[in-house]
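S.K.: Build me a structure from this.
(chains A, B, C, D and E, ligands or ions: 5)
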Amino acid sequence: METQKNVQTNPGNDPAIKTPSGAKVILVEILKDKMALSSAILLLLIAAFVFGVSIILDQDQIVTVDLLAIFEPPSSQYWLGTDHGGRDVFGQLIIGTRNSLLIGIAVTALSGLVGLAMGLIAGYFGGHTDNVVMRIVDFFLVLPTTMIIIAFVAVVPNYSLLQFTLIMSAFIWISMARLVRSKALQQSELEYIQAARTLGTPHYKIIFSHLLPNLSSIIIVNLTLSLAANIGIETGLSFLGFGFPESTPSLGTLMSHATNPQIFELRPWVWLPASILVLVLMLCINNVGQALKRSTDAKQRRG
Amino acid sequence: ACNDSGDGGSTEPSGTGDDTETEETVENEDGIYSLDDFEPTKAADGDGIEGGTLNVGVVASSPFEGTLDWQHYSISTDADILQFFSESLFAMDDAFNITDEGAATIEVSEDNLTYTITIKDNVNWHDGEPVTAEDFIFAHEVIGHKDYDGVRYDASFRNIVGMEEYHDGEADEISGFNIIDEKTVELTFKEATPSLMSGGIWYYAMPKHYFEGVEVADIPASDQVRREPLGYGPFVVENIVPGESVTLSKNEDYWKGEPLVDEVVLTVVNPDVVVESLRSGQIDLVTTFPATQFADNADMSNVDWLGRTSRFYTYTGFKLGTWDADANEVAYDPDAKMSNQSLREAVRLAVNYEELGNRMYNGLRFPATTVITPYHALYHDDSNPGFEYDPERAKELLAEAGYEDLDGDGYVEDPNGEELVINYAARQGDATAEAVANYEMQAWRDIGLNIELLEGSLTEPNAFYDRIEEDDPAIDMYTAGWGVGSDIDPSGLFGPQAMFNYPRYTDDTLEAILADGLSEDAFDLSYRQDVYNQFQEYINEVLPLAPTLYQIDTFPVNNRVSGISYEVGNNDYGWHTVQLNDENPAVD
Amino acid sequence: MWKFILRRMLIAIPQLFFLSLLVFILASQMPGDPFTGLIDPSITAERLAEMREIHGLNDPWYQQYGRWVSNAVTGDFGQSFRYKMPVTELIGDRLLNTAGLGLLTLIFSYLIAIPLGIVSGRYNDTWADRAIAGYTYVGFAVPSFIFGLIALFIFGFRLNWFPVGGSVSPGLVSGTLEYYLSKVYHMTLPALSLALITTVGTVQYLRSEIIDIKHKEFILTAKAKGASENRIYNKHIFRNSLLPIAAFFGYEITGILGGAVFIERVFSFPGIGDLLISSINNRDYSVVTALLLLSGCLAVVGTMLSDIILSMVDPRIRIK
Amino acid sequence: MEFLKIKDLKIHFPIKAGILKRTVGHVKAVDGLNITLEEGKTYGLVGESGSGKTTTGRGIIGLNDITSGQILINNKEMTKRNIKEFRRNVQMVFQDPYSSLNPKKRILDIVAEPFRNFEKLSKAEEKKAVQELLEKVGISADSIFKYPHEFSGGQRQRIGIARAIALKPKLIIADEPVSALDVSVQAQVLNFMQDIQKELNLTYFFISHDLGIIRHLCDHIGIMYKGRFVEEGTPDDIFNNPQHIYTRRLVASIPDIDPGKREQIQLSRKKINEDFQMNTNKYFDQEGLAYPLKSISNTHKVAMPERG
Amino acid sequence: MDNKLLQIENLKTSFRINDEYYAAVDDVTLSVNKNEILGIVGESGSGKSALGFSVLGLHPKNKSKIEGNIFYKDEDIAKVSEAKLQKLRGGELGMIFQDPMSALNPLMIIGKQIEESLILHTNLLKKERKKRVIELLEQVGISSPEVVYNQYPHELSGGMRQRVVIGIAISCNPAFLIADEPTTALDVTIQAQILGLIKKLKEELNSGVILITHDLGVVAEMADKVAVMYAGQVVELAPVHELFKNPKHPYTRSLLQSNPTNNLAKTKLHVIQGVVPSLANLPRTGCRFATRVPWVSNSAHEENPELHEISPGHFVRCSCYKTFEFAKKEDLKDGISED
Ligand SMILES: Nc1ncnc2c1ncn2[C@@H]1O[C@H](COP(=O)(O)OP(=O)(O)OP(=O)(O)O)[C@@H](O)[C@H]1O
Ligand SMILES: Nc1ncnc2c1ncn2[C@@H]1O[C@H](COP(=O)(O)OP(=O)(O)OP(=O)(O)O)[C@@H](O)[C@H]1O
Ligand SMILES: [Mg+2]
Ligand SMILES: [Mg+2]
Ligand code: NI
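M.R.: Ligands and ions are numbered 1, 2, ... in the order given. Model prediction:
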């Protein structure tokens, strides 16, 4: 409380307690947080590696069944051994990570976009518009999401990454929408928004050039955290038998092999690396996300 | 004829073990097994303990359905449970012909139309009431009833005199039945076929007194079926936890003699944990054992592995026509993409099924030679060599038939020089299903066929059958499985009027052969054998579908259990002779 | 109060309507029907067609929907094709199992979340807080089924501490004490596995809520009253931060139902999650639709419950 | 000439209750106000918290929907349709200098926003215009690339004013423009507002609950209570000759800067309070609302019931 | 003096900002007697609240540092244990906060919130406590205490809530009361009532009060003695009459001059140049006010400004007051533009 006040009463000749200006503070906060920094670096390394190597890798070759190499344990030829189709787990891991990252990013982006739009509209206009949007959100809120998604996946023909992204996004945009809405409502009460209106600024401009920038840090935080959640999002479905075909390796597919009793105990090299990788990815993203969160919320700031 | 639904992706093998006492079980150096490694029977062995509890794992990935009635059940899990307390009236030999060993005997009239069924005197329901002719008729009355909601009202029922009138409500009784006395009844059919004795006659009786007052439509949901089912089998149902477990006690009044164990506990076990449950001795034996898990566990020290040949086989089917719904028959299209016989043969020759079976299934699946499995030992043609893996020959065949790679893309064009893309559909299934499909496709590509997996992924089983059945033009070729029943007659799969004739292929020769198999002459066994040998050969020649793999069913049995048999044709595994040699199960 | 509940229920009606429509359309869009794949030489094609007709599978969807809804309103969800029994009855047993599992999960999850949340909120940025944060991140990252599989393997098979499947030991008669004890025993491991995963959200929520409240001015007031740190935490912070959590418990229902799908599969636990998956695989429409609708209703009831609880515990929105 | 005329302005808000947000009644935030104001003058609106001051101001500028009544500027009625035109003539200065400037925008963008909405200026023209404006409000022209947080409260408030006068409006609504500021800064802003008023011949609609400021600044004062006027007049009328008990109490409540007058103030307050307690009925109707205004002199109006 | 209740000596309160400590209250020496109100005025950020909080030890321990002495009844409460402080807080030392909206626990009924101090500091039985709470509510001028007892904060108006906050502060008859801007958030009429109430209570309880405000009128009306704070320091300290009649320090005089209440006509108000520097940028040497009166020559300020007692009880910091004149137009050529 006190600090806040102080910040306002004292113009910016004090660099130490300047009003946070978006990206810079985020950067500073991450640089300060060793954990977050190393997480971010690790994340970038993994992503760079995975995307880099997957260009070189021959995906067809990796998903080719080789009867002579079924369940080979890790060796110099197969770094992480092979699966029940004699396919190289390491290669699948690389491509799978890439696919899972793509899925995570796509789902996050798409659901984030929809949620953002809905939230902004509801929060900015309020009143009836808000009511309508919130009714829709309410409806989604009471859906037994997991179950409906499973049913959905069972229905969709030609199930692939794209379909998956669409289905997931259709159900998870609401959390973003709710968050954005509540923040937008708060911001709309603030006088700078009112001021823009009295100045005759059209609504869309107010939303994009006033509201949005002021929600940006919250949006970034939320996107980061939901990216963490979305990376592993398809694991569950794979486990239930609604995953992608083996020709589309993903971390979820690899992990779901754990249900196979032949693999779970005797051939952990098939599922364990993927599980660990998911864990690492999610932890990293989460670390970064939490650091971002702290930077937007003075109370949670460390030190 | 009770038969499992077409093996919706999970093939259920079974097996036999050696009846030696040795506690280490089948294990051979190369890790590849064959039928010779298994015995179907483990004879009673030394002195068992008095009574005891036999723990049976009912292998299913979800709770059992609990329609515990032969007339109504539709899922094999229920049948697995039913067999412990309710049994067939008739025993069969390994040719699936009814013998006198069962609870009832059967006599055939000269014209093969009238069958006299006599239920043995000492066969009584668990409540003490005798099993009567009425009960046998009652089973027919239920199945033939217009409110009957099961799948068993089929051609062989309609073949009973008076059945259709009864079904349509025109008659109160089925006129084809003639009660001689309490335990004897005459059953008359309209048409005689050799198949009647091997599956054409309904095997079961239903306790009419027990279902008094229950409407036919309400039977499947009734307590008499779901909670306190009544049978005359070796064990009596004591308690059912719906979907999970059934506790049975021995039927002291069992007509074949008092069972040796006191109690049987059936528990549903998820296929994923079967092995662990067996190892820890939590269950003594299982109803089915997942084939892919066998090799890893062949060395399990606390069980003996029994095994036998399976009634299932897999095949590659070719879409050669469509179903003519108006005429209700198959319409063969000689211009179909796959209509070239050489092409089909090349497809079959290109894949090394031996290797596939050995590597992925450790020999528990092995190359199929004909469309009649060894399960039908009497009719399976041992001398038919089937197909030899020969990719070179496959390429030759293609070349001879005019399939040549004209544009140098590595894939052949069809004889007209048009690009040839073959769409292949395969079902989702167990862990190996996808790998198998991919393996096959690789082999086909190696001989120059441009194969594409339907929509890039395995097809969900329901959708798969839907599309196959509707002759989806997007499918040129598919892989599927088939489980044969006790009746050898293959018309259901190959006949011109069979909807399950998914390849939609028929020709005069084939129709003639099929008719021959059911003809008057075919009552003569060797004649019929000849016909079906001819059939097997003919199918291998025209190849509307190519048999790919046979299977071996394996059955793990705890060391302490003996007196059990999984002999083919034996629809009574001899539960009353099963004995325990130890109070506690052996543990790995 | 009653008026409020009534009104709240009225709001739920359109929700339920849309839900039912969605559910029905979903189910009817699934490829195949219960008779697909029943290929058996002894079943004739005509019989199949006849059966499809009997079950009304050939009618247009809106007719089927109308029929279904009007029956559903009276509690009749039709027959399960596969189980050949009324869906209501079929679901009944399973629902009890899942309810028990859910309840136990909730209990475990609160038992875990409250102390952990309190510790990490109160002593934020201590090693304890970081350790708990580590746990929550891991819990967030590990899918419940992997966790369940490992738990099953270790505690079920290796240590033999818990049963490995089913909801009750065979042979026990419903109604006896032994029976219920056995049920609880069977639920313990799955519930615990699920709780350890699902609880992390609550832990995090509680933590940030406590940190939030810590900085509120009324805490200063309490301090100025001379209240000790402990008292401030017990009387002001915990109470205020636990109330919303208590209120959210209705919302948890949806989450737990979702989690149950996985955990029931892992532990072969006969609940509605498990039933849903097998029904989808078997195209047992009437069960799928009933289950989806049921879980939708549960979620609606849950949110309603949360609203009601919230309005009871939070004086600011209390309704008279 | 009447510049601003407000006729029987009413602004009501629905009261929503419960989680269901049903309308259970209406807040009559503004309930029948009549105001006339000449060009170049300052109108002061005073009243306790929640009396409807802000709502009135927002109603005039169109931020709140009007339930009924008319707002005329230069005899032209403001309607939903011509609101854009009005926007040019009516501007607002906000209470909170911290939240009224978008923290993510540079001063240039903030001050140029009205230009961008109403006038097509080139970048250079725009920059020049902004710099001129900033100089007018006493902020060095090279600050245009700074962000709001780099300025003090008083400076920010002046930036806010610069933005408000960019389009050369005729009427400025100032809703408690200085209540968030320290006295020293307050003085600065008030001085400046007076300067600019003269320079641009602005009309002010000044909202405050600080009677000292109102008295210092305004030509006309309206005392609001629960959405209605209880008294209206010149500063002299209000402060030296308050008629309504509510006004009297309000005036008496102002702390005096002279510690010597303590006892005296105390005493008069006590008396007025007693009077207030005793005679509430006389001054307010059954619902506790003010009666309609009645003129008691040229400039002075009081809400008193009809006698007799 | 026996009458002395609170004696603050050389108090220095520092806050940690980026691992460095900055003094927000710097070398403050003050005293309050029984039945006396010490008013503290100053611009925002001058350290008024920081001073008040220091007395009660309410600053977070890990982020602040308190040096100097605070004698309360001869005990140095700047040094005593937390447990001892807890005994005093809410008992003998009461505090009233600025914002009545957020100073009350939203989920606790009013009665319980007042009762909490009684639980902590008295041995009253439950029934007695309730009686006392009702009494207190009456005392702070709430007309239906029984109803209010069971109400939640959000059901009360701002003025009512501030009364409740006062009720909490005086529940144990504190000998000493700190009121940190108790009326800033309230309307004038309510302000008058609340101030009256505080005065009345002070007299009844014979307590000493520190009244923090930035409203000179409030000080004029309430205080016996006034301390004017600037940048963490007391720049002038005098009995109230003396201060208003005879303000010396340039800062005090400027404050008085810029108050519109003192300038009835539409004349220009006085403006103080510049702003209060932020904590980290405070000049720590020399006259801290110097930057804001640039037209006063540097030599007029002391190098190390001290408080001078220029008449009994009237202290002024720095000797620049002697030469201080309000700026003439030409002195202000930078005008307001450069503040
Ligand atoms: N958007 C709104 N919806 C509902 N009620 C409102 C809204 N805006 C204002 N009110 C209500 O209208 C009344 C008048 O509010 P207004 O803000 O105009 O008062 P005010 O005189 O400006 O008070 P203050 O001095 O506190 O700013 C209050 O009771 C307020 O609660
Ligand atoms: N907890 C804190 N951490 C860091 N700095 C603080 C803290 N509390 C106060 N300060 C700083 O100490 C200085 C004095 O603050 P204080 O709150 O005492 O001012 P004040 O005179 O009470 O102002 P106001 O009138 O705005 O309440 C300010 O610069 C403020 O930023
Ligand atoms: Mg206002
Ligand atoms: Mg303060
Ligand atoms: Ni000086």
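S.K.: What strand or helix carries whichever residue of the stretch 151-300 of chain A sits closest to chain B?
M.R.: Ranked by C-beta to the nearest C-beta, the top residue of the stretch 151-300 of chain A for proximity to chain B is A:P245, at 3.3 Å. C-betas here are computed from N, CA, C, even on glycine. For A:P245, there is no enclosing helix or strand under DSSP states H and E.
S.K.: do D:Q286 as well
M.R.: Under the criterion DSSP H and E, no helix or strand holds D:Q286.
S.K.: cool, D:H26 as well?
M.R.: With DSSP H and E as the criterion, D:H26 is inside strand D:22-38.
S.K.: Does ligand 1 have contacts with the very next helix or strand once past that strand?
M.R.: Scanning forward in sequence from strand D:22-38 by DSSP H and E, the next helix or strand is strand D:42-47. Yes - using C-beta under 6 Å from any ligand atom, strand D:42-47 reaches ligand 1 at D:G47.
S.K.: Report the separation between the residue of the stretch 201-339 of chain E at minimum distance from ligand 1 and E:E236.
M.R.: Ranking the residues of the stretch 201-339 of chain E by distance to ligand 1 (C-beta to the nearest ligand atom) places E:D215 first, at 16.5 Å. Counting by C-beta to C-beta, to the nearest Å, the gap from E:D215 to E:E236 is 17 Å.
S.K.: all strands of the stretch 151-300 of chain D, in order?
M.R.: For the stretch 151-300 of chain D, the strands defined by DSSP state E, counting those that start in this stretch cover D:171-175, D:203-207, D:220-225, D:228-233, D:293-295.
S.K.: Tell me which of these sits nearest to B:E452.
M.R.: strand D:171-175 (70.7 Å; C-beta to C-beta).
S.K.: give me the residue from the stretch 51-200 of chain B nearest chain E.
M.R.: For the stretch 51-200 of chain B, C-beta to the nearest C-beta, closest residue to chain E: B:P63, 46.2 Å.
S.K.: That residue: neighbouring residues, count only.
M.R.: For B:P63, the neighbour count with other C-beta atoms under 10 Å in any protein chain shown is 29.
S.K.: For it, list the residues it contacts.
M.R.: Listed by C-beta atoms under 8 Å, 6 or more residues apart in numbering or on different chains, the contact set of B:P63 reads B:P242, B:G243, B:E244, B:V268, C:P270, C:D274, C:L275.
S.K.: how about a cut-off of 6 Å?
M.R.: Each residue near B:P63 by C-beta atoms under 6 Å, 6 or more residues apart in numbering or on different chains is listed here: B:G243, B:E244, B:V268, C:P270.
S.K.: Dump these into TSV; add secondary structure as well.
M.R.: Formatted as TSV, these follow (DSSP: H, G, I helix; E, B strand; the rest coil):
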residue	secondary structure
B:G243	coil
B:E244	coil
B:V268	strand
C:P270	coil
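S.K.: where's E:A179 relative to A:Q186, distance?
M.R.: 31 Å.
S.K.: what's the answer for C:L152, then?
M.R.: 46 Å.
S.K.: Equivalent analysis for D:D275, please.
M.R.: Distance from D:D275 to A:Q186, by C-beta to C-beta: 44 Å.
S.K.: Between those two, which is the more surrounded one?
M.R.: Higher neighbour count among D:D275 and A:Q186: D:D275, with 15 against 12, using other C-beta under 10 Å.
S.K.: The nearest residue to the more buried one once chain neighbours are set aside: neighbour count?
M.R.: Leaving out its chain neighbours, the residue that sits closest to D:D275 by C-beta to C-beta, 6 or more residues apart in numbering or on different chains is D:I245, at 6.0 Å. Close neighbours of D:I245, defined as other C-beta under 10 Å, add up to 22.
S.K.: And the next helix or strand past the helix or strand in which E:L211 is found?
M.R.: Assessed by DSSP H and E, E:L211 sits inside strand E:208-212. Following strand E:208-212 in sequence order, the next helix or strand is helix E:216-222 (DSSP H and E).
S.K.: sorry, back to before: who are the contact partners of the residue of the stretch 201-339 of chain E closest to ligand 1?
M.R.: Contacts of E:D215 (C-beta under 6 Å, 6+ apart): none.
S.K.: From B:G51, how far out is it?
M.R.: As judged by C-beta to C-beta, E:D215 and B:G51 stand 97 Å apart.
S.K.: Equivalent analysis for B:L306, please.
M.R.: Counting by C-beta to C-beta - B:L306 and B:G51 are separated by 23 Å.
S.K.: Dihedrals phi and psi, E:Y72?
M.R.: Main-chain dihedrals, E:Y72, degrees, to the nearest 10: phi -120, psi 120.
S.K.: so it touches E:Q7, yeah?
M.R.: No - assessed by C-beta atoms under 6 Å, E:Y72 is found out of contact with E:Q7, at 7.9 Å.
S.K.: Settle it for me: which of the two has more neighbours?
M.R.: The residue with more neighbours, out of E:Y72 and E:Q7, is E:Y72; 22 against 18, by other C-beta under 10 Å.
S.K.: Next, the contact list for that one, please.
M.R.: Residues counted as contacts of E:Y72 (C-beta under 6 Å, 6+ apart) are E:L6.
S.K.: What of A:F139?
M.R.: Residues counted as contacts of A:F139 (C-beta under 6 Å, 6+ apart) are C:Q15, C:F18.
S.K.: three-state assignment of it?
M.R.: Applying three-state DSSP: A:F139 is helix.
S.K.: any idea how far it is from chain D?
M.R.: Computed as C-beta to the nearest C-beta, to the nearest Å, the A:F139 to chain D distance reads 16 Å.
S.K.: swap in C:A128?
M.R.: If you measure C:A128 against chain D using C-beta to the nearest C-beta, the figure is 36 Å.
S.K.: Quick check: closest non-adjacent residue to that residue.
M.R.: With C-beta to C-beta, 6+ apart, the residue lying closest to C:A128 is C:V119, at 5.5 Å.
S.K.: Got phi/psi on the one you found?
M.R.: Dihedral angles (degrees, to the nearest 10) for C:V119: phi -60, psi -50.
S.K.: and the spatially closest residue to the residue of the stretch 151-300 of chain A closest to chain B that is not a sequence neighbour, how many neighbours does it have?
M.R.: The shortest distance from A:P245 to any non-neighbouring residue, by C-beta to C-beta, 6+ apart, is to B:S457 (3.3 Å). Residues lying near B:S457 (other C-beta under 10 Å) number 20.
S.K.: quick one: the helices in the stretch 51-200 of chain C?
M.R.: C:61-73, C:87-122, C:127-141, C:144-151, C:177-214 (DSSP state H, counting those that start in this stretch).
S.K.: and the shortest one, does that touch chain B?
M.R.: No - remark: helix C:144-151 sits outside contact range of chain B, by C-beta under 6 Å from any C-beta of the partner chain, the gap being at least 8.8 Å.
S.K.: circling back to that earlier point, got the contact list for the strand holding E:L211?
M.R.: Residues from elsewhere that reach strand E:208-212, judged by C-beta under 6 Å, 6+ apart: E:5-6, E:32-34, E:36-40, E:48, E:52, E:176-181, E:202, E:222.
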